[in-house]
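# How does the following fold in three dimensions:
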Amino acid sequence: MTDTTEPQAGIFLPHIKTPEMEMAETGSGVAEAADLAIADINPANPHLFKENRWHDYFARLRAEDPVHFNELETSGRYWSITKHEDVRAVDGDWKTFSSASGITLGLRRSAEVDEMNERVSSFISMDPPTHTEQRKTVRSVSAPSNLRNLEPQIRERTINVLDSLPEGETFDWVDTVSIELTTHLLATLFDFPLEDRRKLTRWSDIVFAVPEPGGVVESQEQRINELLEMVVYFEGLWADRRENPGFDLVSMLANGEATKDMPTMDHLGNLLLLIVGGNDTTRNTMSGSVYGLNKFPDEYDKLIADPSLIPKMVPEIIRWQTPLSYMRRTATQDTQIRDKKILEGDQLLMWYISANRDEEVFENANVIDIDRHNADRQLSFGYGIHFCMGSRLAELQLRILWEEVLARFTRVEVQEEPERTFSSFVHGYTKLPVKVTRR
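A predicted model of the protein is given here:
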């Protein structure tokens, strides 16, 4: 695709370098946090997450500069908010800190950027009242009654996947279990053809992937072409659900009062939000639970000895993993956080991954502690009006997974360090080699 293919070029900006692309070009030789002046620390570099070296960066910022300033050629001014108290305050004040300009580190303002933000948006990137109206369209999917209806199906699918796992040989937990379970449920929620369900995984993967040779996508052009394929696919589903509506997310968006008259292209943001929210986050927490419990085997032993601890384990794993590292807000006016003056238009990155390791809130925050008394204070699902509407569904999936794992395996053993996602936004795993031993 070239820049002449309007309107897509204007919407997807294939010729503009993104902030993560700029930072990725610095290479993997990023200095250790202790070797940098505090002003030179930039925690948004995707190499830090790919190499699992982000911990010391945020520990220094929390201790020395919890409201930390950076500026990039591509994205302009932005602040890293790293303490639990401050992240919660920013997330809870949508009037001062707006979502309307996007939820990830953005591009400098221009006519093209404004057009992209206007066309490709989702209700997570909106403020009330539009946010409230569009979110209401799909929120019934996470209602308690619907979760009760979904639980038997989630459990049956989990049992089928776990019973099919090979014993005594190494396999990839990410692809075989985490992706399979989350993609199957997402296809159910969309009433999406099951034979095509891996398309949802692919679309989720490419949304925030940083183009690199041999990576998830190798160029912006490739990403744009695949996202346009997604739009075409959903146009067909859209037309069908307008004629034959059901109780699924596509039907809700196609027929909801606040969304039914939107063109499919304008639905792209909501579709991507629901795909990423239902796929990336839960699958990375599922993978993180296996990796984390292997990293802290005493906690794994405790869970094996007493499976009734699973409900306490779930929020602690979600805290420890934090599947989305941050969310962005934009200041609507000049304001101040701690001793820093925030200017109107400045971006703020609310680093959930740092807030969830805040030593002033979580004692021994870098370890998994199934008995942690305040694990439910974790901010992985956000806070305020944008609190994740799928949080209960994510917790349900993780609970069922471990109920069934403990019922049939003496151990799920990690064989080597995982391969991690090349992104500072999605905190996850691309490969996790494991072996299982059956009871």
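# Quick check: the gap between Lys431 and Glu167.
Here Lys431 is placed at a distance of 20 Å from Glu167 (Cβ to Cβ, to the nearest Å). Placement of C-beta: from N, CA and C, glycine included.
# residue boundaries of the strands in the stretch 1-150 of the chain?
Ranges of strands within the stretch 1-150 of the chain are 67-72, 76-81, 97-98, based on DSSP state E, counting those that start in this stretch.
# Nearest approach to His55 belongs to which of those strands?
Among the strands of the stretch 1-150 of the chain, strand 76-81 comes nearest to His55, with 14.5 Å by Cβ to Cβ.
# So which elements touch that closest one?
Packing partners of strand 76-81 (3 or more Cβ pairs under 8 Å, 6 or more residues apart in numbering; DSSP states H and E): strand 67-72, strand 347-351.
# before we move on, the earlier item: which one's more surrounded, Lys431 and Glu167?
Shown here are Lys431 and Glu167; by other Cβ atoms under 10 Å, Lys431 has more neighbours (14 against 9).
# Need the nearest residue in space to that one, chain neighbours excluded.
Using Cβ to Cβ, 6 or more residues apart in numbering and skipping residues adjacent in sequence, the residue nearest Lys431 is Glu419, 4.1 Å away.
# residues near that neighbour, how many?
Glu419 has 14 neighbours, counted by other Cβ under 10 Å.
# ok, it to Gln336 distance?
Look at Glu419 and Gln336: by Cβ to Cβ, they are 41 Å apart.
# same deal with Gly382?
When distance is defined by Cβ to Cβ, Gly382 is 23 Å away from Gln336.
# Looking at the two, which has the bigger crowd around it?
Per other Cβ under 10 Å, whichever of Gly382 and Gln336 has more neighbours is Gly382, with 20 against 9.
# Let me know the pLDDT of Glu404.
As predicted, Glu404 sits at a pLDDT of 98.
# now Thr137
52.
# go on, the one 3 residues further on?
At Ser140, the pLDDT value in this model is 56.
# separation between the residue nearest the centre of the chain and Val216?
Nearest to the centroid of the C-alpha atoms of the chain, with distances taken as Cα atoms, centre = their mean, sits Leu324, at 3.7 Å. Separation of Leu324 from Val216 (Cβ to Cβ) stands at 17 Å.
# which ones are touching Pro433?
For Pro433, the residues meeting the contact criterion (Cβ atoms under 8 Å, 6 or more residues apart in numbering) are Thr170, Phe171, Asp172, Trp173, Val414, Gln415, Glu416, Pro418.
# can we see that at 7 Å?
Going by Cβ atoms under 7 Å, 6 or more residues apart in numbering, Pro433 touches Thr170, Asp172, Gln415, Glu416.
# count of neighbours near the closest residue to it other than its chain neighbours?
If the residues on either side of it in the chain are set aside, Pro433 comes closest to Gln415, at 4.2 Å by Cβ to Cβ, 6+ apart. Under the neighbour criterion other Cβ under 10 Å, Gln415 is assigned a count of 13.
# now the one 10 residues further on
By the measure other Cβ under 10 Å, the count of residues near Phe425 is 24.
# How about Glu243?
Glu243: 7 surrounding residues under other Cβ under 10 Å.
# Which other helices and strands does the helix or strand hosting Ser287 contact?
Ser287 is located in helix 268-295, with elements delineated by DSSP states H and E. The helices and strands touching helix 268-295, judged by 3 or more Cβ pairs under 7 Å, 6 or more residues apart in numbering; DSSP states H and E, are helix 180-190, helix 198-207, helix 297-305, helix 310-321, helix 391-408, strand 409-414.
# which parts of that helix are buried?
268-294 (16 or more other Cβ atoms under 10 Å).
# Repeat that for stretch 330-343.
Thr330, Ala331, Thr332, Thr335, Ile337, Ile342.
# any idea which of those is closest to Asp65?
Distances from these to Asp65 were compared by Cβ to Cβ; the smallest belongs to Ile337, at 11.8 Å.
# OK, contacts around that closest one?
Taking Cβ under 7 Å, 6+ apart as the definition of contact, the neighbours of Ile337 are Val67, Ile81, Asp86.
# Equivalent analysis for Phe387, please.
For Phe387, the residues meeting the contact criterion (Cβ under 7 Å, 6+ apart) are Phe381.
# ok, now how distant is it from Asp91?
9 Å.
# secondary structure element for the closest residue to Lys199 other than its chain neighbours?
What sits nearest to Lys199 in space, not counting adjacent residues and going by Cβ to Cβ, 6+ apart, is Tyr233, at 7.0 Å. Taking DSSP H and E as the criterion, the element that holds Tyr233 is helix 220-243.
# Could you do Val434 as well?
With DSSP H and E as the criterion, the answer for Val434 is strand 433-438.
# circling back to that earlier point, dump the residue contacts of the residue nearest to Pro433.
Counting by Cβ under 7 Å, 6+ apart, Gln415 makes contact with Thr170, Pro433, Val434, Lys435.
# With Thr285 instead?
Shown here is Thr285, whose contacts under the criterion Cβ under 7 Å, 6+ apart are Ile317, Ile318, Gln321, Pro323, Ala394, Leu398.
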